[in-house]
Structures are given as C-alpha cells and as structure tokens.
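J.: Sequence plus predicted model, see below.
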Amino acid sequence: MKKWVWIGIIAAVVLFIGIGLFYAERSNISGQAVRASSAALPTKPVAITYSNIENYLSQTPMVKAVPSNGVIMLKFFNFDRGYREWEKSYVIKTGSAKEGFAADPDILLTLHSKYLQEMNTNNFCSVIKKANAAGDLGFESPLSTLKLSWKFRSLSSYRDCFGF
C-alpha cells in the first residue's frame, strides 16, 4: 500500500511541475528586471529592400522560431512582362535567412515583389496578410498537413499572420 502512495505523490509532483512549466512558458516571465535604455525605445521603421532583407528576416522572432530541422524558401516574383518572373529567393532556417536556393524545402512561400516597397520593420505581418488576401502570396509544401503542423508547431503563434 505504501508503494502506491509514493507513486501517487511522485505522479502529482510531476504533474504540477509540468503544469507550472507550461504556464511559465506562456506568460513570458523571465525573472529579469527591465531597464530603460535607448535600445528599448521604439525606433523609426526601416524600409525593407533586397539589400537588407537577409538581416531583417534573421532578426525576426518568426525566423528564430523555425525548427532546427525545418527549411523554408521564400521566392519573390514580378509580373512586369505579363508573366511571372522570379527575382530573388531566400533560404530560411533557424535564425537565419540567406539568399539562395533549397532543392527540397519543407515550405515554399512565393511573394510578389511589389510588397517589398510597403514592408518595413513595423508592419511585416500586415503586409503578408494583405498579400495573402490579394492572392499575391503562394504556399506549397510536399508534407502532409499533419506532418507540416507537427514539424512547424513552433510557428503556430504566427498562423494569423498567414491567414491559416
């Protein structure tokens, strides 16, 4: 009988620790004091261009949340000649975005380049929503919905940005 009591106590402790960790992660409590500094003050929005998009994307929380085994390719296009012309492509992995090509990306995002002019560091999500609503954002994946959802579950908080 004592053995079952100890097993119950251990199970309850593990359960309470798990619940505590779950809520601590969601509340973003870091235990560090916030200090006023010039780095914490809002800055003027920076226009995004092909010359600075790698640096900008690498600093966004969304790119930092890409899983370590995940690969996303972002390709920009235009319709200047009446058909789709590819301009630049970027390979996005955990915390980095580099110009280049991925042979087998988990996700392929295509975006009309006209949105680069509207994009800045303060409204990235709203521009993506606008492009999606206008049909200028494409999404492809060779993975099933279940595999894609599981692999990229770390990005679930950004679903509203893409309209999913």
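T.: Okay, I see it.

J.: Could you tell me how many residues sit around Glu118?
T.: For Glu118, the count of nearby residues is 13 (other C-beta atoms under 10 Å). Just so you know, the C-beta spots here come from the backbone N, C-alpha and C atoms, and that holds for glycine as well.

J.: An error on my part: the question was meant for Ala47.
T.: 12.

J.: quick one: it from Leu146, how far?
T.: The gap separating Ala47 from Leu146 is 39 Å, by C-beta to C-beta, to the nearest Å.

J.: Tyr115 too?
T.: 30 Å.

J.: Those two: which is more packed in?
T.: Under the criterion of other C-beta under 10 Å, the comparison of Tyr115 against Leu146 puts Tyr115 first, with 18 against 8.

J.: and the more buried one, what does it touch?
T.: If you count contacts by C-beta atoms under 8 Å, 6 or more residues apart in numbering, Tyr115 has them with Val127, Ile128, Lys130, Ala131, Asp136.

J.: Is it correct that it falls within a helix?
T.: Yes. Applying DSSP: H, G, I helix; E, B strand; the rest coil, one finds Tyr115 inside a helix.

J.: and which of the contacts of Tyr115 is nearest to Glu87?
T.: Minimum distance to Glu87 across the contacts of Tyr115 is 13.4 Å, recorded for Asp136 (C-beta to C-beta).
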